[in-house]
Each structure stands twice: as structure tokens, then as C-alpha cells.
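Undergrad: Here's my sequence, what's the structure:
(chains A, B, C and D)
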There are 2 protein chains.
Amino acid sequence: MAAISGGKTYHHGDLRNALICAAVDLATDGGPERVVLREAARRVGVSPTAAYRHFDGRGELLRTVKILAQCRLADSMERAAAREPGADDPALAAERRLVALCRGYVGFAVDQPGLYRAAFCVPRPAEADEPAGGRVSPEPEIRAFTLLREALEGLAKVGGPRPDSRPAAGAAAWSAVHGLSLLLLDGPLRRLPAQRRDDVVESTLAMVVSGTRGL
Amino acid sequence: MAAISGGKTYHHGDLRNALICAAVDLATDGGPERVVLREAARRVGVSPTAAYRHFDGRGELLRTVKILAQCRLADSMERAAAREPGADDPALAAERRLVALCRGYVGFAVDQPGLYRAAFCVPRPAEADEPAGGRVSPEPEIRAFTLLREALEGLAKVGGPRPDSRPAAGAAAWSAVHGLSLLLLDGPLRRLPAQRRDDVVESTLAMVVSGTRGL
DNA sequence: TGCCCGATGTTGACCACATGAACATTCCAG
DNA sequence: CTGGAATGTTCATGTGGTCAACATCGGGCA
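TA: Residues are numbered from 1 along each chain as shown, chains lettered A, B, ... in the order given. As a prediction, the model looks like this:
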């Protein structure tokens, strides 16, 4: 087939990446379930089955998007923390950092609901599951969780959770912000007006800060 | 068509319910995405399009399952609370009740992951969304949330959250147990061995109890 | 009593998707 | 330069959602 003048050749050149971008776009507005192989291929201008040269199928494409979304979530948290002014009191600084990270977390969920959902979706067929060890967070260790745990460790030096319960404390904090995000996105808190939403967010963060202190 | 001896007649008689049961079964092992119209019809022994006489389509069938699942979740919470022994100290009793409810919540999620997910799924096309007022929990008010809020009110009489922040405190508590459940089900805490899982659950509950006290 | 209409099922058809097999085109290494 | 590995394409199959047209049942009314 002759290439259309100025158009693409038979070989795309960077199909894998192009598909990922298209898939991310799809996820961004529409969430993981709208990440559809055929549509991604269509957008890139390629036949559906071409994608199989680069992905095992829809599942793997989605898994790729998921990882990307997790990165962006962590980025959002770090940006929020970076914006936070420091404090002379290290205890206050540690607390502020934790809260800022959480705000960044929920903020990402609210601003990018599609991507946020994608970050926690379960692509089927699910990845082969080995029994796995006893870490609190197996997998390639999600950065968002690492950030929370480290922030809690910072807090620990000034009266936060005791060392042995710190992983669990991290999980508890994570649970709160994750649950909050989902309730705000698709859950029953979905249609809360912005004002009340902020109230709920602040209350939850207050619960996290004061609640993890005693662990 | 002649009815098979002893078999059904042309008219099923209770198709709507039969379809719901089949759909609940599907959700029970497989979650909301496996609630498939054709399969439900197949199991009931009826043609796929027959379902359209009783439901607007897959979306409405799923929505029905969702509501049912929410009920079962609340039931599980109430059962857990009922099993909890009372206490002379009303403060202790209130706290125990809250914790028991939360345990029932997470327990349901862990025991019935499919139904739990269904309880919080977002059937598409989504229900028509009016702007909605300012309640913390719009919708027909989910009983699970009501239970949590009431438990917090019980706690309030003995040093719990102040009245004006109680709805937000309820949402915060809910966030924690909801997030925890999801992280345990499909999230990064998925493969946690039972022992550690219990640790995390207890830590989270401790965070909720002590963290909502200060609101 | 008997018939007719509305409720309830059925068939057949169409469209979107995932996925596999067989075939075509490119590109690069030897 | 050339042959095989990469990378795309076309064709085909299976599953699901949904619509339109048709069939059957069952109960209420003339």
C-alpha cells in the first residue's frame, strides 16, 4: 500500500506508546472501563489486532494505564506537599506534610476521577497471583503508600505511632483517604456541594492525624 | 408450544425475581461486572430479551442488585453489633457498638467481596443525577451509613464528636472502613495474610475511635 | 360464554468488543 | 541483497446489549 503523502507508513513507529496515550485519554474521561482496545486503536489509526503485537490484550493495556495513573497520583501528592510551607517546629512540619500529602491524594481523586479509578482498577484476567509474603504492601510497592508511611515516620519522632505499628498506621491512613476519595467520586458523597465536601475532607484528615497518633 | 410435563409454561410467573436472584448469584461470585443480562436469563431458562419486560436493561438489573447488596451489608453490620456484649459503662458500650459495626462492615466486604463491590458499583448509564441538596448522604440514605452515624451519636454523649461535626465524623468513619475494605479486596492489601490483615483492621478501627473523638 | 387486548416471552438482527489465525509489508542483520 | 523477525492487516468466531416484530397466555368485559 502506498503511504498517503505526508501520512504514516505501514509501520507506525511508536505504536505501543501511542496506544498507551490513547488509553490514558480514555481512562481520563471515563475511567478504566472505558479503556477499550478497539477504541484506542481507532484513535491511533490502526487496526484493532495491531495492539496485540504490543500488549497481551486489553488487560495488559489497562494494567499499563493503571501503573501510569498510580504514578500521577503520587506526583500529585508530592506537589501538594512541596507547596506546603515548612515550620520551625518539626512536629508541626511533620503533621503538615502528612496532611498535605493526603490533600494531594484526595485532590487528585477529585480532579482526575477517571485516572484515579484506573489507578485502583482490577484488570481482568487478573495478574497471576503468587501467595505473596507478609509485607503490608506487596506489589512493586505503590509510591503513594510509601509517601504516607514515610510521613507517618516523620510524625513518629514527635509522638506519632510506635515503630511496630507504623505499617498498620500507614494502611489505616491510606484507608481513610482512599475510602474518602471513592465515596466522593462514585459513592454516596458523590453529589455533595463543594463546601460540605471540604468539611468532610478536613474532618477525615483531622481523624487521621489525631487517630494515628495513638497507635 | 406445549409445556414440558411438569415444566414451566410459556409464562414464567415470577421472572423479575428469578432474574434478580440469578443476578445476585452472579455478583456474589464475580462482582458487578459479571452481572450479565444474557447469563442471568440463561440461568433462569429464558430468552435474553425477556428481561427487558422487567428491567430497562442491564443497568437497571445491576442497580437492583446493588440495592440488595447494600441491604445485606447493613444486615451484616447489625448482626455484628448484636453479637457484641453490652457494657455497664455507657461510654464503653457505645464505643464497642461502633467498633462492632465497623467490624461487621469489613467482615462483609471480606466474606462477600463480589456483593460488596456490587453495593458500591456505578451502573452505567448512571441514574439521572439531579443537582441534589446539601445532605451528607443523599440518595435513599444508605442504611450502613445511618448505622455508623447513629453509633457516633451514641458515642457523642460521652465525649465523641460535637453535634455540628457529627455528619462529617460519620463520613470520616465510613471513609476509613470503606477504604480499608477496598484496599483489602482489590487494592494493594489484597494478599495480606490473615494475621496481618487483622492487625491492619484493628489499627484502623482504633484510629477511627480515637480520631473521631476529637471532632 | 367467548373473544380481545395487554402482559409477557420468543426469534431474528444489528452493533460493539475481545481475540485468534493466516496473510502482507517492512526493516535490519548477516 | 536477501530472508527472517517485527509489525500491521484482513477475516472469522464468540460474547454481550439492545431493538423490532411476532407469538402466546390469561383475565376481564360484552
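Undergrad: where's the spatially most central residue of chain A, which helix or strand?
TA: The geometric centre of chain A, computed from its C-alpha atoms, lies nearest to residue A:70 (CA atoms, centre = their mean), at 3.5 Å. Counting by DSSP states H and E, the element that carries residue A:70 is helix A:58-83.
Undergrad: who does that helix touch, helix- and strand-wise?
TA: Counting by 3 or more CB pairs under 8 Å, 6 or more residues apart in numbering or on different chains; DSSP states H and E, the packing neighbours recorded for helix A:58-83 are helix A:15-28, helix A:37-44, helix A:90-111, helix A:113-119, helix A:143-156. (Glycine included, C-beta is placed from N, CA and C.)
Undergrad: export those helices to a markdown table and tack on mean neighbour count and distance to DNA strand C?
TA: Output for those, formatted as a markdown table (neighbours: other CB atoms under 10 Å in any protein chain shown; distance: least, CB to the nearest atom of the strand, whole Å):
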| stretch | mean neighbour count | distance to DNA strand C |
| --- | --- | --- |
| helix A:15-28 | 20 | 10 |
| helix A:37-44 | 18 | 3 |
| helix A:90-111 | 20 | 24 |
| helix A:113-119 | 24 | 14 |
| helix A:143-156 | 21 | 27 |
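Undergrad: quick revisit: enumerate every residue touching the spatially closest residue to the residue nearest to the centre of chain A that is not a sequence neighbour.
TA: Leaving aside its sequence neighbours, residue A:70 sits nearest to residue A:119 (CB to CB, 6 or more residues apart in numbering or on different chains; 4.6 Å). Residue A:119 makes contact with A:66, A:69-70, A:72-73, according to CB atoms under 8 Å, 6 or more residues apart in numbering or on different chains.
Undergrad: and if you look at residue A:16?
TA: A:54-55.
Undergrad: what pLDDT does it get?
TA: As summarised for this prediction, residue A:16 has a pLDDT of 97.
Undergrad: repeat for residue A:10
TA: pLDDT, residue A:10: 67.
Undergrad: And the residue in chain A that DNA strand C sits nearest to, what's its pLDDT?
TA: Nearest residue of chain A to DNA strand C (CB to the nearest atom of the strand) works out as residue A:57 at 2.7 Å. Per-residue confidence (pLDDT) for residue A:57: 97.
Undergrad: okay, the angle between the least confident helix or strand in chain A by mean pLDDT and helix A:90-111?
TA: Sorted by mean pLDDT, DSSP states H and E, the helices and strands of chain A end with helix A:143-156, the least confident at a mean of 91. Helix A:143-156 and helix A:90-111 are oriented at 160 degrees to each other (axes from the mean of the first three to the mean of the last three CA atoms, to 10 degrees).
Undergrad: helices or strands up against helix A:143-156?
TA: So helix A:143-156, by 3+ CB pairs under 8 Å, 6+ apart, packs with helix A:58-83, helix A:90-111, helix A:166-185, helix A:194-213.
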